[in-house]
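Asks: Got a sequence here, can you build the structure:
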Amino acid sequence: MNLERPLVALLGAGIVVLAVGALVTLASQTLSGDLTTPAAAVVALVALSLVAGVGLGFKNSEWVRNPGYW
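Replies: As a prediction, the model looks like this:
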């Protein structure tokens with residue numbers, strides 16, 4: 001019996017549950033309070049830097065094709 005697929009599906013579902021929980025916690029605690037505007041600015045800055053880092057990583061994908069790296 002091949003247990004790899006169900007385990008991968010269970011891991012993926014766990015990651016989705018953790019991500020949704022993190023977003024709910026972020027929205028309920030960080031973005032609801034006295035300092036909503038600065039908190040939203042920090043969250044936007046982090047998201048923007050994450051997207052920029054991913055974009056730069058996709059642009060310079062030469063390291064992925066380099067067998068010596070792996």
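Asks: Just name the shakiest helix or strand of the chain by mean pLDDT.
Replies: Lowest mean confidence among the helices and strands of the chain (mean pLDDT, DSSP states H and E): helix 62-65, at a mean of 70.
Asks: Helix, strand or coil: sort out A27 for me.
Replies: The three-state label given to A27 by DSSP: H, G, I helix; E, B strand; the rest coil is helix.
Asks: how near is it to G33?
Replies: The span separating A27 from G33 equals 11 Å under the rule CB to CB, to the nearest Å. Where C-beta positions appear, they are placed from N, C-alpha and C, glycine not excepted.
Asks: How about A19?
Replies: 22 Å.
Asks: go on, S61?
Replies: 41 Å.
Asks: Count the neighbours of G68 for me.
Replies: 5 (other CB atoms under 10 Å).
Asks: Pull up the gap between it and E62, please.
Replies: Going from G68 to E62 by CB to CB gives 12 Å.
Asks: pLDDT wise, what is M1 at?
Replies: According to the per-residue confidence, M1 scores 56 in pLDDT.
Asks: what does A39 give?
Replies: Model confidence at A39, given as pLDDT, is 86.
Asks: now the helices: where do they sit in this protein?
Replies: If DSSP state H is used as the criterion, the helices of the chain fall at 4-25, 36-59, 62-65.
Asks: Dump those to CSV, plus mean neighbour count.
Replies: Output for these, formatted as CSV (neighbours: other CB atoms under 10 Å):
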stretch, mean neighbour count
helix 4-25, 10
helix 36-59, 10
helix 62-65, 9
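Asks: Go through these and find the least confident stretch.
Replies: helix 62-65 (a mean of 70).
Asks: so what are the domain limits for this structure?
Replies: Domain assignment of the chain by automatic domain parsing yields the ranges 1-30, 35-70.
Asks: can you tell me which residues contact A39?
Replies: Remark: with contacts taken as CB atoms under 8 Å, 6 or more residues apart in numbering, A39 is in contact with T30, L31, G33.
Asks: pretty sure the second one contacts A44?
Replies: No: when contacts are counted by CB atoms under 8 Å, L31 is not listed as touching A44 (10.7 Å).
Asks: Closest to L11 out of the contacts of A39?
Replies: Of all the contacts of A39, the one with the least separation from L11 (CB to CB) is T30, at 27.1 Å.
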